[in-house]
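sequence unknown, structure follows:
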């Protein structure tokens, strides 16, 4: 009887809710969106910041819940995911679907209150992640390319929330986060290769953790660095970066590139984990530097 109680206790329900919506990932997406908003805002409106944070969380939470409904049978095969709420039997598909649907509606309504274009990009993000990326993950390594599209929207979404329009500035923010995702997710795909294989996911560009994959990781790391320093040259409209900001971002990029080169040399799980951590550090610090550079210049 005590076991039954423990599985439906309040902490368990809260933990499962956090897991089905991937709270950690959702918060990082909200961070990106707010950074984009601060870059685009002429005057900071804290009501918009709050709506963006809520809308962003709902949007990512919905995508993740739909993803876990679709992949529940595959999740049960992998060590990384077998204890998720649905495959572990702690949450029904119906409950997860209600959460996902409610989050979709709340997310789109919240973003629409900011402006219609923000809601449109939010809708595109949910659609691509759920209806295109998720089914492709077991079919082709190109799924990572498709997944990088919704994954790159949050940083850009913040600027669109601030300005109500799409242009070169949010396009540049999109490009930065788009290219960044390849070294990031391929590093994850590398160190989780054996586990992913159990679920039939082939996330690496060559299908396996080899030199070919490592070379592509290096190339996309270089593209990420180049996209990240473009604003210093002054042709990205109102998205600007000072020389100091560009040097700091470039230094961060070199650090990530060093770990990408280490992965090429060693091709080990440890090297892949180090690259993944350095990529998270890179995108977080880049966003902080971009915002600080705007307000301190």
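Yep, it's here. For clarity, every value in this text was computed on a predicted model and none was experimentally measured.

From now on I want contacts and neighbour counts done on CA atoms only, so please keep to that.
Fine.

low-confidence ranges in this protein?
1-11 (pLDDT under 70).

Tell me, domain by domain, which residues of it belong where.
1-166, 168-297 (automatic domain parsing).

give me the number of residues near residue 149?
20 (other C-alpha atoms under 10 Å).

residue contacts, it?
Contacts were defined as C-alpha atoms under 8 Å, 6 or more residues apart in numbering; by that measure residue 149 touches 125, 128, 178.

just checking, next helix/strand downstream of the helix or strand that contains it?
Assigned by DSSP states H and E, residue 149 belongs to helix 143-163. Once the chain leaves helix 143-163, the next helix or strand it forms, by DSSP H and E, is helix 168-191.

tilt between that next one and helix 143-163?
150 degrees (axes from the mean of the first three to the mean of the last three C-alpha atoms, to 10 degrees).

Please spell out which residues along helix 168-191 are buried.
169-191 (16 or more other C-alpha atoms under 10 Å).

Quick check: which helices or strands does it pack against?
In terms of contacts (3 or more C-alpha pairs under 8 Å, 6 or more residues apart in numbering; DSSP states H and E), helix 168-191 is packed against helix 143-163, helix 211-229, helix 269-296.

tell me the angle of it relative to helix 269-296?
Going by the same axes, to 10 degrees, helix 168-191 makes 160 degrees with helix 269-296.

and helix 168-191, how far from the chain's centre?
8 Å (C-alpha atoms, centre = their mean, to the nearest Å).

now swap in stretch 190-198 and tell me
On C-alpha atoms, centre = their mean, the centre of stretch 190-198 falls 19 Å from the chain's centre.

Kindly report the same for stretch 18-27.
For stretch 18-27, the distance to the chain centre is 11 Å (C-alpha atoms, centre = their mean).

cool, stretch 190-199 as well?
19 Å.

Repeat that for stretch 123-143.
Counting by C-alpha atoms, centre = their mean, stretch 123-143 comes out at 13 Å from the chain centroid.

Show me what counts as buried in that stretch.
123, 125-126, 128-130, 133-134, 136-138, 141-143.

cool, stretch 38-56 as well?
Quick answer for stretch 38-56 (16+ other C-alpha under 10 Å): 38-40, 48-49, 51-56.

Could you export these as JSON lines, including secondary structure and distance to residue 86?
What follows is the buried residues of stretch 38-56, written out as JSON lines (DSSP: H, G, I helix; E, B strand; the rest coil; distance: C-alpha to C-alpha, whole Å):
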{"residue": "38", "secondary structure": "helix", "distance to residue 86": "37"}
{"residue": "39", "secondary structure": "helix", "distance to residue 86": "39"}
{"residue": "40", "secondary structure": "helix", "distance to residue 86": "39"}
{"residue": "48", "secondary structure": "helix", "distance to residue 86": "34"}
{"residue": "49", "secondary structure": "helix", "distance to residue 86": "33"}
{"residue": "51", "secondary structure": "helix", "distance to residue 86": "29"}
{"residue": "52", "secondary structure": "helix", "distance to residue 86": "29"}
{"residue": "53", "secondary structure": "helix", "distance to residue 86": "26"}
{"residue": "54", "secondary structure": "helix", "distance to residue 86": "24"}
{"residue": "55", "secondary structure": "helix", "distance to residue 86": "24"}
{"residue": "56", "secondary structure": "helix", "distance to residue 86": "23"}
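
Now render those as JSON lines, adding distance to residue 151.
Formatted as JSON lines, the buried residues of stretch 38-56 follow (distance: C-alpha to C-alpha, whole Å):
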{"residue": "38", "distance to residue 151": "19"}
{"residue": "39", "distance to residue 151": "19"}
{"residue": "40", "distance to residue 151": "19"}
{"residue": "48", "distance to residue 151": "21"}
{"residue": "49", "distance to residue 151": "20"}
{"residue": "51", "distance to residue 151": "20"}
{"residue": "52", "distance to residue 151": "16"}
{"residue": "53", "distance to residue 151": "16"}
{"residue": "54", "distance to residue 151": "17"}
{"residue": "55", "distance to residue 151": "15"}
{"residue": "56", "distance to residue 151": "12"}
